[in-house]
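*Asks:* Only the shape, not the letters, is given here:
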RNA sequence: GCGGAUGUAGCUCAGUUGGUUAGAGCGCUAGACUGUGACUCUGGAGGUCGCGGGUUCGAUCCCCGUCAUUCGCCCCA
């Protein structure tokens, strides 16, 4: 079978897949709009620097997962691995400092050069929500509330839990980081290979290690709460209070650490156990230093991204396809009349199926396969009387209906 | 990037301890039923057994490589 194959880690979205996909996207868009988040889009690629600077040179995404290429002019470009950096760049490029809070929703394809697995692809799609320019804990709460509403509406909340943690402000985080490096450096020989490299790359990650030896060391490691300054502690408390107020349940996870450099304060993930190792379905956090890193004025921000493919795998109540009405000519003499009727009904907003060929039996079978709600048969008999035979395909009953009454009959159907 | 599993019709899978024409169900298609679907019955099409190489008189089956999928690690949505 040497048929052409899609590139590794990429997938076609055939109509049925696309329907699930679109349902996730449309649901998210509608709910985001209710909370005041308008949709926008940024280009699918940016100068490499935009991602390298914001996500951190040592992050996995930047160090080994970017799809980068050089233009003819010799500039390095990168297919976006996430949405946040691009939206923040756009916020700066368009001088939107005066528009805060800048609340936006976005969606589209992302690219990461990773080993594919279920729920993990090289080209995948994300929905994304950002609230830029709001330092208040209320923004954190709102952003999480949008995520919760989307999961609820998609019917996946039962299999998801919200894990939440704080990484503190820059001061707290660096103090803790230093303490961790000091502690683990003293035990470096006992660390797993992975964690040895984490020690320089992202020491907080060691807390998250699945290695048994590492976990034993983590037991006695410094605790983050001891290093959080007063402001950070109060800020996080306010976020949790806000979630309580809205009845949004969460699990405090002191080991939750995110891989990207730009996160501060609130970090959260909605995780599921139903997708193997790919647990996160919506994840995000606060990134108060990001805009400054990109060369903008210091501006706080918070947001999240959700994996559309992952959500589509879990979504339960995907609406069924629209059921059409089939128009079926009986005999060649009726084809023209049927064609005009089908056209008119479509102009009237009705979804109509009319096959290009076939006798009545074939056409009925086709109508059935497309789960048509009703069939409208027109033959010479009916033509003479300006009528049609209207067959209800669910009930299996039929009657003659005058063409002038057809619209009313169709309206009764639903 | 590292380790394990898998790869036979459009789909889900049998099968061959290496030996003449590789099977089933579903689906597709034609007909029984040239003005009526979902049920039933009878035919038909569709596979160089992922791809390449090796061993062999002979490979879909054994060996090596490769590509893809999948599970775990890393990491993440």
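*Replies:* Noted; the coordinates are in hand. Quantities reported herein were computed from a predicted structural model and do not represent experimental measurements.

*Asks:* helix/strand/coil for residue A:391?
*Replies:* strand (DSSP: H, G, I helix; E, B strand; the rest coil).

*Asks:* Ignore what I typed, I meant residue A:183.
*Replies:* The assignment at residue A:183 comes out as helix when based on three-state DSSP.

*Asks:* Mark out where each domain of chain A begins and ends.
*Replies:* Per the record, chain A has its domains at A:15-169+A:229-314, A:325-411, by automatic domain parsing.

*Asks:* Which of these sits closest to RNA strand B?
*Replies:* Closest to RNA strand B of those, according to Cβ to the nearest atom of the strand: domain A:15-169+A:229-314, at 1.0 Å. C-beta here means a position set from N, CA and C on the backbone, and glycine is covered the same way.

*Asks:* and that closest one, is it in reach of RNA strand B?
*Replies:* Yes. Contact of domain A:15-169+A:229-314 with RNA strand B is found when judged by Cβ under 7 Å from any atom of the strand, involving A:59-61, A:65, A:82, A:112, A:114-121, A:124, A:126, A:258-260, A:269, A:276-283, A:305-307, A:309-310.

*Asks:* Mean neighbour count, the domains of chain A: which tops it?
*Replies:* Mean neighbour counts were taken over these using mean count of other Cβ atoms under 10 Å, and the top value, a mean of 19, falls to domain A:15-169+A:229-314.

*Asks:* Could you tell me the average pLDDT over that one, please?
*Replies:* What domain A:15-169+A:229-314 shows for mean pLDDT is 93.

*Asks:* okay, how far is it across it, tip to tip?
*Replies:* Terminal residues of domain A:15-169+A:229-314 lie 18 Å apart, using Cα to Cα, to the nearest Å.

*Asks:* chain center to it: distance?
*Replies:* For domain A:15-169+A:229-314, the distance from its own C-alpha centre to the chain's C-alpha centre is 9 Å (Cα atoms, centre = their mean, to the nearest Å).

*Asks:* which residues sit against the helix ranked longest in chain A?
*Replies:* Looking across chain A with DSSP state H, the single longest helix is helix A:15-34. Contacts of helix A:15-34 from elsewhere in the structure, counted by Cβ atoms under 8 Å, 6 or more residues apart in numbering, are A:11, A:13, A:39, A:105, A:107, A:125, A:127, A:129, A:146, A:149-150, A:153-154, A:306, A:308-309, A:311-312, A:315, A:318-319, A:321.

*Asks:* Now, the residues you listed that are in strands?
*Replies:* A:39, A:105, A:107, A:125, A:127, A:129, A:306 (DSSP state E).

*Asks:* Please report the distance of the residue lying closest to the fourth one once chain neighbours are set aside from residue A:219.
*Replies:* Okay, so that is residue A:125. If you skip the residues right next to it in sequence, residue A:125 has residue A:308 as its closest partner in space, 4.0 Å away by Cβ to Cβ, 6 or more residues apart in numbering. Distance of residue A:308 to residue A:219, computed by Cβ to Cβ, to the nearest Å: 38 Å.

*Asks:* again, but for residue A:126
*Replies:* 36 Å.

*Asks:* for residue A:110, same thing?
*Replies:* When distance is defined by Cβ to Cβ, residue A:110 is 37 Å away from residue A:219.

*Asks:* hang on, residue A:316 packs against residue A:152?
*Replies:* No. Using Cβ atoms under 8 Å, residue A:316 is not in contact with residue A:152; the gap is 11.3 Å.

*Asks:* State the distance from residue A:184 to residue A:339.
*Replies:* Taking Cβ to Cβ as the measure, residue A:184 and residue A:339 are separated by 76 Å.

*Asks:* scratch that, residue A:346
*Replies:* Using Cβ to Cβ, one gets 11 Å for the distance from residue A:346 to residue A:339.

*Asks:* Around RNA strand B, pick out the residues from the stretch 301-414 of chain A.
*Replies:* Counting by Cβ under 7 Å from any atom of the strand, the stretch 301-414 of chain A comes close to RNA strand B at A:305-307, A:309-310, A:330-331, A:359-362, A:364-365, A:367-369, A:375, A:377, A:379-382, A:389, A:391, A:393-394, A:396, A:398.

*Asks:* what do you get if the cut-off is 6 Å, keeping everything else the same?
*Replies:* Within the stretch 301-414 of chain A, the residues that sit near RNA strand B (Cβ under 6 Å from any atom of the strand) are A:305, A:307, A:309-310, A:330, A:359-361, A:364-365, A:368-369, A:377, A:379-382, A:389, A:391, A:393, A:396, A:398.

*Asks:* Counting only helices, which of those make the cut?
*Replies:* Using DSSP H, the subset of those located in helices is A:309-310, A:360-361, A:364-365, A:368-369, A:380-382.

*Asks:* Put together TSV for those residues, with distance to residue A:162 on each row.
*Replies:* As requested, these are arranged in TSV below (distance: Cβ to Cβ, whole Å):
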residue	distance to residue A:162
A:309	21
A:310	16
A:360	57
A:361	55
A:364	51
A:365	49
A:368	45
A:369	43
A:380	66
A:381	64
A:382	60
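
*Asks:* Contacts only, for residue A:142.
*Replies:* Residues in contact with residue A:142 (Cβ under 8 Å, 6+ apart) are A:35, A:131.

*Asks:* Can you check what angle separates the host helix or strand of it from helix A:15-34?
*Replies:* When secondary structure is defined by DSSP states H and E, residue A:142 falls within helix A:137-154. Computed with axes from the mean of the first three to the mean of the last three Cα atoms, to 10 degrees, the direction of helix A:137-154 lies at 150 degrees from that of helix A:15-34.

*Asks:* Determine the next helix or strand in the C-terminal direction from helix A:137-154.
*Replies:* Scanning onward from helix A:137-154 (DSSP H and E), the first element met is strand A:160-166.

*Asks:* So which elements touch that next one?
*Replies:* With contacts taken as 3 or more Cβ pairs under 8 Å, 6 or more residues apart in numbering; DSSP states H and E, strand A:160-166 sits against helix A:137-154, helix A:230-245, strand A:251-252, strand A:264-272.

*Asks:* Could you point out which of these sits nearest residue A:410?
*Replies:* Distance to residue A:410, taken as Cβ to Cβ, is lowest for helix A:137-154 among those, at 30.3 Å.
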